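A structural model of the following input is requested.
(2 chains)
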Amino acid sequence: MPKVKKKRVGFVIDMTPLVDITFLLLTFFMFTAKFKSQAESEQKFTIQRPYASADTSKMPDKDLALIKIAIDSASGDTSYHYELINEQLRQNVWNSIQSLTPEMRSKHQLIVNLDILGQLVKYTVLYSKNKIKFAIDADRRLRYKWIADATDVMRRNRATVFNYVTQKRQ
Amino acid sequence: MAGGGGGLTLERSKRGKQSKRKKKHRIGFRLDMTPLVDITFLLLTFFMFTTTMAAPQIMEMSVPPEQKTVDVDASKLITFLVRADGNIFWNIGTDDPEPVKLEAVKGIAERENLKEGKRNKMITVLKVSEESKYYNLILVLDQLNLAELKIGTEISKDKDEKGNPAKRERRFTIAPFTEDDLNKIKDL
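Numbering: from 1, shown residues only, chains lettered A, B, ... in the order given. Sure, this is the predicted structure:
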């Protein structure tokens, strides 16, 4: 005679270890999560950064002036963008540029031409007293001319040390 | 996962009525954790999918200042040229440029920077054609950064005047790619 099958009604699994691990992972991911900055959520492009080997020098998240050279995903046009992470400095610099409209002054990131970029770099150097780092965040598909023009403008405004933003090769 | 709850709530409410006079026995008491686990898993999956692990990195670079000109010994300049088609050439001082593969750049940088008498004194100059891709510059720069590992370790074995380990001074600079440079490497 075969064994009588045990009834499995109302059986209970101890979920405590599961909950422990889940909470551990959840807290980890919650603390490491980094949200998009306001400037990033305003922009309509994504930059395909050039790949480089793993490096210890991470992009700083404060006292940084970012020059983004991006290809618009819809129109395919290349444009320069300027972002200042430091709030106080940004207001000072933005207010020093005569040609900006009040609406543009409220933005975290500006679409600029080389002429305005030069002015922005000049005032950033002036107000920040060399505390700020410059970084060029450019798309890897671009011709070097775009970057050379930007560095030339920076050189003329006494920002001679800067950084290229890259991404770790997978 | 859903097997946790079931009849437990009923049992508990029964016990609750009895406990008016008698002190409740809390041994073996169970809490239904299913909704908690549900929400936790939901949040966990959300955060897992939204995190990007690869934070952007930076590479330092410098350009010579505009006003003052810096005089340097030509033999202490190591130049890497990137032509419009992405090919790389290199030379020391005023020598004629030679073609080089991207993978060999690291070896050259290590060798030249550690040569006797020139240790820690070389300046690396990068000249990139404006028609070239920006990515080519980063690839060369990446190789030079990799070479820095060995150069830094080797140089820290040297002693300065006070007997402290010498510090590696990383001197990279970017210079304009001139017509003259192009003519030298045009036919190579």
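
from chain A, how far out is the most centrally placed residue in chain B?
Closest to where the C-alpha atoms of chain B average out (C-alpha atoms, centre = their mean) is B:Gln57, at 4.7 Å. Applying C-beta to the nearest C-beta, to the nearest Å, one obtains 5 Å for the distance of B:Gln57 from chain A. To be clear about C-beta, it is placed using only N, CA and C from the backbone, and glycine gets the same treatment.

ok, the residue lying closest to that residue once chain neighbours are set aside - contacts?
Here the nearest residue to B:Gln57 in space, its sequence neighbours aside, is A:Asp55; by C-beta to C-beta, 6 or more residues apart in numbering or on different chains that works out to 4.7 Å. The contact partners of A:Asp55, taken as C-beta atoms under 8 Å, 6 or more residues apart in numbering or on different chains, are A:Thr166, A:Lys168, B:Gln57, B:Ile58, B:Met59, B:Asn145.

out of those residues, which comes closest to B:Met33?
Set against B:Met33, the nearest of the contacts of A:Asp55 by C-beta to C-beta is A:Lys168 (38.9 Å).

where does the prediction get shaky in the chain?
No chain specified, so I'll use chain A. A:1-3, A:5-7 (pLDDT under 70).

my bad, chain B
Within chain B, the segments meeting pLDDT under 70 span B:1-25, B:54, B:67-70, B:170.

can you show me the strands along it?
Secondary structure of chain B by DSSP state E: the strands cover B:57-62, B:77-82, B:88-92, B:98-100, B:123-128, B:172-175.

in ChimeraX, select just the buried ones from the contacts of A:Asp55.
Under the burial definition 16 or more other C-beta atoms under 10 Å in any protein chain shown, those of the contacts of A:Asp55 that qualify are selected in ChimeraX by:
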select /A:166 /B:57,58,59,145
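
what's the helix or strand for A:Arg154?
To be clear, residue A:154 is Met; Arg isn't right here. Mapping A:Met154 onto the secondary structure by DSSP states H and E places it in helix A:144-156.

distance-wise, check the residue nearest the centre of chain A relative to A:Asn163.
Most central in chain A under C-alpha atoms, centre = their mean is A:Glu40, positioned 6.6 Å from the mean C-alpha point. When C-beta to C-beta, to the nearest Å is the yardstick, A:Glu40 and A:Asn163 sit 18 Å from each other.
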